[in-house]
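Student: sequence and predicted structure are below.
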Amino acid sequence: MTPSNRSPARPAIARLFHVGEIKQKHLVYCRIVRDETVLFVRRRAGVFLGGRWELPGGTVEVGEDPASAAVREVAEETGLDVRLLGERAAHTWMDIDGRAMRIHALVFDAVEDTPGAVTLNPDEHDQFVWVQPDATGSLGLADHFLQ
């Protein structure tokens, strides 16, 4: 990563674009570790995947590079200021609602230089929890975090 959190291997990409007849959507997530626990947030009822737990993250905006999007999404969803350590994983799957859309997700390892209070965006999430990595099986994670 460069000081601006840009990933030189990942150029700025469009949030949603077409390749042939299949739309492409790009998501980013951060695995934030504090005191040997990982932060998970629960999607509020009434939104897509409501009640399911996930890592903080979201959609890459048009013209935004994935690393910048990951830092922005964490701040918007949790109020935390993080620094990316690098890419942890990349996953791709077809839309779970059957739409002609391929989802591409990057997961970054991230840390806080100064631990802060988690302040959730109530439009998206209703709870958070710091969990030991080996205890995530009981959370009810969104399927793409089970890979």
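Tutor: Good, I have the coordinates. Worth saying up front: this structure is predicted, and the values here are computed from it rather than measured.
Student: which parts of this structure are strands?
Tutor: 16-19, 22-34, 37-43, 53-54, 57-59, 83-94, 101-111, 125-131 (DSSP state E).
Student: other SSEs contacting the last one?
Tutor: Counting contacts by 3 or more Cβ pairs under 8 Å, 6 or more residues apart in numbering; DSSP states H and E, strand 125-131 packs against strand 37-43. Where you see a C-beta, it was placed from the backbone N, CA and C, and this is true even at glycine.
Student: on that earlier part again, can I get the strands of the chain in JSON lines including distance to G137 and mean pLDDT?
Tutor: Listed next are these as JSON lines, based on distance: least, Cβ to Cβ, whole Å; pLDDT from 0 to 100:
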{"stretch": "strand 16-19", "distance to G137": "32", "mean pLDDT": "50"}
{"stretch": "strand 22-34", "distance to G137": "16", "mean pLDDT": "91"}
{"stretch": "strand 37-43", "distance to G137": "12", "mean pLDDT": "94"}
{"stretch": "strand 53-54", "distance to G137": "11", "mean pLDDT": "91"}
{"stretch": "strand 57-59", "distance to G137": "20", "mean pLDDT": "93"}
{"stretch": "strand 83-94", "distance to G137": "18", "mean pLDDT": "89"}
{"stretch": "strand 101-111", "distance to G137": "18", "mean pLDDT": "90"}
{"stretch": "strand 125-131", "distance to G137": "10", "mean pLDDT": "95"}
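Student: residue nearest the centroid of this structure?
Tutor: Y29 (1.9 Å; Cα atoms, centre = their mean).
Student: just checking, that one touches P56?
Tutor: Yes. The pair Y29 / P56 is scored as a contact, 6.7 Å apart, by Cβ atoms under 8 Å.
Student: find the residues that touch each one of these two.
Tutor: Listed as contacting both Y29 and P56 by Cβ atoms under 8 Å, 6 or more residues apart in numbering are E73.
Student: follow-up on the earlier one: so which of the strands of the chain gets nearest S138?
Tutor: Comparing the strands of the chain against S138 with Cβ to Cβ, the closest turns out to be strand 125-131 (8.7 Å).
Student: tabulate the CA atom coordinates of the closest one in CSV.
Tutor: In CSV, the C-alpha atoms belonging to strand 125-131 read as follows (Å, rounded to 0.1, in the frame of the first residue of the first chain):
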residue,chain,number,x,y,z
HIS,A,125,-26.4,-2.0,10.9
ASP,A,126,-27.9,-2.5,14.3
GLN,A,127,-25.2,-4.3,16.3
PHE,A,128,-21.5,-4.9,16.4
VAL,A,129,-19.4,-7.5,18.2
TRP,A,130,-15.7,-8.2,18.6
VAL,A,131,-15.2,-11.9,18.3
